[in-house]
Each structure stands twice: as C-alpha cells, then as structure tokens.
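*Asks:* here's a sequence, model it:
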Amino acid sequence: FHKRGHKQLLAVFSDIEKLNLLDRIKKFGTLNKRLRKPTNGALSKLPSNHAFGTAIDLNDDDGCLGCTIAPLAPLFEKFGFLWGKSFNDPMHFEIKTFIDNPKSVVEPVAVALDENALNIDAVNFMGHLYAPVDMIAGLMTVSEIDGQPTKVLLEGKRENQLADVTLIGSRPYVTLASAAGVLGTAIDFDNTSKRAALTSLV
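*Replies:* Numbering: from 1, shown residues only. Alright, predicted model coming up:
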C-alpha cells in the first residue's frame, strides 16, 4: 500500500475491529499494476489506483463485487477513502484525501448505572455517545415502529421516547442520551477515561 496511506488504512481497520466487524472481511487486495477497469464499455488507457497502491478491494469473490462490506463504507469514508459504489464497484475503496494523522472515530465507552457497571457495548462514535439497541433491551422495552425502520420506541418506568436509529456498521444504535432519558437518569461523561456515569434522578 502507498506509504503515505499506511496510517489511515490501519486506522480504519482498527475501528472496524472495535465495532466487532472484522469478520465481515474475508479477502482483500491492494497493489496491482494494471489499467482501470472499463466503466462505460470502452477500455481505459488510465492506470488504476491499485497500480499506485492507493486502493483496496474487499470480498471480491462474494458474488456481488464486495457488496457484503457495504456497512464498512462509512468508516472508510471518514478516513478519506472514496467508495467505488458510485462507479459500480462496491468492493473498491481508494484514497481520496491523504490523512497524515488519523484519529479513531470509534472508542468504547464504559457505562455505569448508579455506580453499577452495565455491559451494553456503548461507543463514542464521531463525538456522540451511542448504545446498541439489542443491548439496552434488557433495561427497557424496545419496540420497532411499523413503516419507520429508522426509529424505535423506548419505554421505561419514567417515560417513553421515540428514538432515532443510527447504523454503525450493520448494528442499530440509539443515542445514550435517549436511553438515559427513558431510564430517568442524568449522564456525566468523562472523555479522558471514556466513562459514562448514569445517575438516577430522584
């Protein structure tokens, strides 16, 4: 891979691993000294980005040109990659912008409720705190809304809330603030230690 792109490629794979999505990648390829694949029927005379080591293909043998890794595309895009879906090549990611000092966009967050640790796989994703829908279901009732795949109804002892769903990878999340509101708790987040303390309101 292109030397200047090493850090951002490693950074995106690190965040994929933090989200437990690494097992989605079965096969990959990078450097390949060849011309671009034709996109309009005509042969290209231009070199492929693979020839410069600035592109990577994932799961090219999955029967759909790598469409199985579509949930990873937002992460690649956050780290300066262009997704090849726009030119009918969804297995392909190429560097659009070099990022010399990439920073993680995913950090695990430890959550405690009234000083008791909760195992809910919360994350700080691009500066916002999220909890996976399947993990908070043990703390409250979570119901899907017919005809609204991007929302869920959270029902707790103190209040109910219609919450937006955010897909991180392929897993649905809601904001930790939404979950805290339904639980009737205040949030205190320490960004240094990556700890969120939920405290029940009297």
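*Asks:* now for the longest strand that the chain contains, which elements pack on it?
*Replies:* Counting by DSSP state E, the longest strand found in the chain is strand 148-155. If contacts are counted by 3 or more CB pairs under 8 Å, 6 or more residues apart in numbering; DSSP states H and E, strand 148-155 sits against strand 141-145, strand 160-164, strand 171-175, helix 176-183. All C-beta atoms are positioned from the backbone trio N, CA, C, and that covers glycine.
*Asks:* what pLDDT, on average, does the longest helix seen in the chain get?
*Replies:* The longest helix of the chain (DSSP state H) is helix 6-18. Helix 6-18 shows a mean pLDDT of 94.
*Asks:* quick check: buried residues in that helix?
*Replies:* The neighbour-count check on helix 6-18 (16 or more other CB atoms under 10 Å) flags 8-9, 11-13, 15-16, 18 as buried.
*Asks:* between those, which is nearest F1?
*Replies:* L9 (5.7 Å; CB to CB).
*Asks:* just the buried residues of the lowest-mean-pLDDT helix or strand in the chain, please?
*Replies:* Least confident helix or strand of the chain, by mean pLDDT, DSSP states H and E, is strand 166-168 with a mean of 86. For strand 166-168, the buried set under the neighbour-count rule, 16+ other CB under 10 Å, comprises 166, 168.
*Asks:* helices and strands around it, which ones?
*Replies:* Using 3+ CB pairs under 8 Å, 6+ apart: strand 166-168 touches strand 123-125, strand 171-175.
*Asks:* that one pairs with which strands?
*Replies:* strand 171-175 (antiparallel) (DSSP bridges).
*Asks:* by how many degrees do the partner strand and strand 148-155 diverge?
*Replies:* Calculated by axes from the mean of the first three to the mean of the last three CA atoms, to 10 degrees, strand 171-175 forms an angle of 50 degrees with strand 148-155.
*Asks:* name the residues that touch strand 171-175?
*Replies:* 19, 123, 125, 128-134, 136, 152, 154, 163-167 (CB atoms under 8 Å, 6 or more residues apart in numbering).
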